[in-house]
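>>> test case, fold it:
(one chain, ligands or ions: 1)
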Amino acid sequence: MASQAKTTKTHGKKRTCLMCRKTFLSEWPGERICPQCKRKHSWREGDSWLPGGRSA
Ligand SMILES: [Zn+2]
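Prediction:
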């Protein structure tokens, strides 16, 4: 076997989530929050900041 294909399929880097401090695989540079936290947060119940939505 000659050509030893170096399949470096490193599509991502191991990073530490800023939210849960867990190690996750970020797909792109800049991603610092694991997908799980992203989902969890979902941009913080985008209902509280709604303008004119003060119906208590
Ligand atoms: Zn996280």
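
>>> okay, the helix or strand of the chain with the lowest mean pLDDT in PDB with CA atoms only?
Least confident helix or strand of the chain, by mean pLDDT, DSSP states H and E, is helix 35-41 with a mean of 85. Taking Å, rounded to 0.1, in the frame of the first residue of the first chain, the C-alpha atoms of helix 35-41 are listed here in PDB:
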ATOM      1  CA  PRO A  35     -25.300  23.500  20.100                       C
ATOM      2  CA  GLN A  36     -27.000  22.200  23.100                       C
ATOM      3  CA  CYS A  37     -26.800  25.400  24.900                       C
ATOM      4  CA  LYS A  38     -27.800  27.300  21.800                       C
ATOM      5  CA  ARG A  39     -30.900  25.300  21.700                       C
ATOM      6  CA  LYS A  40     -31.600  25.600  25.300                       C
ATOM      7  CA  HIS A  41     -31.300  29.300  25.300                       C
END
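
>>> only the buried residues of it, if you could.
By neighbour count on 16 or more other CB atoms under 10 Å, the buried set for helix 35-41 is C37. In this view, the C-beta of every residue, glycine as well, is placed from N, C-alpha and C.

>>> so that helix, near the ion or not?
Yes: Helix 35-41 reaches the ion (CB under 5 Å from the ion) through C37.

>>> residues in contact with that helix?
17, 19-20, 24, 33 (CB atoms under 8 Å, 6 or more residues apart in numbering).

>>> what's the farthest-apart pair in those?
M19 and F24 (10.1 Å; CB to CB).

>>> thinking again about what came up before, mind putting the contacts of helix 35-41 in a markdown table, neighbour count included?
Below are those laid out as a markdown table (neighbours: other CB atoms under 10 Å):
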| residue | neighbour count |
| --- | --- |
| C17 | 18 |
| M19 | 14 |
| C20 | 13 |
| F24 | 19 |
| I33 | 17 |
